[in-house]
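S.K.: Next comes the sequence, and after it the predicted model I'd like to discuss.
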Amino acid sequence: MSTLLLRLAGPLQSWGIQSRFTVRDTALEPSKSGVVGLLAAALGRPRHASLEDLAALKMGVRVDRQGTVKMDFHTAGGTHRRDEDYGVALADGSGKRAITSQRFYLADADFLVGLESDDEEFLCRLDAALARPRWPLYLGRKAFVPGRPIRITYRPPHLPGPEGVPGVVRLPLTEALSQYPYLARSPKEKDRLQKQGELRLRLVLEAEPGSTSEVRPDQPLSFAILERRYLLRYVQTTFVSLPVDLIEEDPHVSFPSAA
């Protein structure tokens, strides 16, 4: 069994799982439909293409930084420009008016996502697609670009995996998420966390149907326009404690070391 690891970090992220009309929510961790959509974009699959192989991957998330939930207040159709119509046509045909909406998102969050499969070759193809994505990749909304590479480019020596594919680890999902190091943003953060001792992080793991009461409507069946369909997905929330030797400095952040 092998696991493909991804890093989802950026200034803003949004992983809606139950948005309706003018309220656009976000979950506290990346949704499976969002991650599958990201991989489909990397592969260059059209919306009507089958998702069977991607949806079959078992997903888990380690919350390295949970971020802060923020809300934006949006308006649409409230223009007063000359030669432009005011308002948006209402679905009930009663006319036009300006529409307001509330959009929620996560600020400054950082997640380590794992996708488990017994088909390591398929995971390696996904890793290659993330290295050269066919279409732009984003964190839940097109405006939310990643703050660092989604593809994992660093695999510590203690983690087994195929040569030349650092994002694939030859370990089951939970072990891969528990043994990959936490990457501090600066030497100062690394020193502070190591002095505190073990680092406790939240894990959200996909579970067998009916084995838990925590469900999320984000198991994708189809992304086809006008035919988007999802099933319920069972998840289990737990915690993992990382020893101090798994707290390392992020190689993608070039803060200078303290003199």
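M.R.: On my side now, so go ahead.
S.K.: Helix or strand: which one has L4?
M.R.: Using DSSP states H and E, the element containing L4 is strand 2-13.
S.K.: tell me how far that strand is from the chain's mean position?
M.R.: Its chain's C-alpha centre lies 5 Å from the corresponding centre of strand 2-13 when counted by CA atoms, centre = their mean, to the nearest Å.
S.K.: could you dump it to CSV, C-alpha only?
M.R.: Extracted C-alpha coordinates of strand 2-13, given in CSV (Å, rounded to 0.1, in the frame of the first residue of the first chain):
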residue,chain,number,x,y,z
SER,A,2,1.4,3.5,-0.9
THR,A,3,0.3,7.0,-0.3
LEU,A,4,0.6,10.1,-2.4
LEU,A,5,1.2,13.3,-0.3
LEU,A,6,0.2,16.8,-1.3
ARG,A,7,0.7,20.1,0.4
LEU,A,8,-2.3,22.5,0.3
ALA,A,9,-1.1,25.8,1.7
GLY,A,10,-1.9,29.4,0.8
PRO,A,11,-3.2,32.8,1.9
LEU,A,12,-6.8,31.8,1.2
GLN,A,13,-8.6,28.5,0.7
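S.K.: List the contacts of the very next helix or strand once past that strand.
M.R.: Tracing the chain C-terminally past strand 2-13 and defining elements by DSSP H and E, one meets strand 23-24 next. Applying CB atoms under 8 Å, 6 or more residues apart in numbering, the contact partners of strand 23-24 are 14, 16, 101-104. Every C-beta, even on glycine, is put in place using the N, C-alpha and C of the backbone.
S.K.: Torsion angles phi and psi at the closest residue to Q236 other than its chain neighbours?
M.R.: Residue nearest to Q236 in three dimensions, not counting chain neighbours: A207, with 4.4 Å by CB to CB, 6 or more residues apart in numbering. Recorded main-chain torsions at A207 are phi -120, psi 170, according to degrees, to the nearest 10.
S.K.: quick one: contacts for A207?
M.R.: 214, 234-236.
S.K.: Give me the most central residue, this structure.
M.R.: When the chain is reduced to its mean C-alpha position, the closest residue under CA atoms, centre = their mean turns out to be P30, at 3.7 Å.
S.K.: Which helix or strand lies directly C-terminal to the lengthiest strand in the chain?
M.R.: Taking DSSP state E as the criterion, the chain has its longest strand at strand 99-117. Counting by DSSP H and E, the next helix or strand C-terminal to strand 99-117 is helix 120-131.
S.K.: all strands of the protein, in order?
M.R.: Using DSSP E, the strands of the chain run over residues 2-13, 23-24, 58-65, 68-76, 88-89, 96-97, 99-117, 168-169, 182-184, 199-206, 215-222, 229-242, 247-249.
S.K.: Deepest-packed of those, please.
M.R.: The densest packing among those, expressed as mean neighbour count by mean count of other CB atoms under 10 Å, is seen in strand 168-169 with a mean of 27.
S.K.: Good, we can wrap up now.
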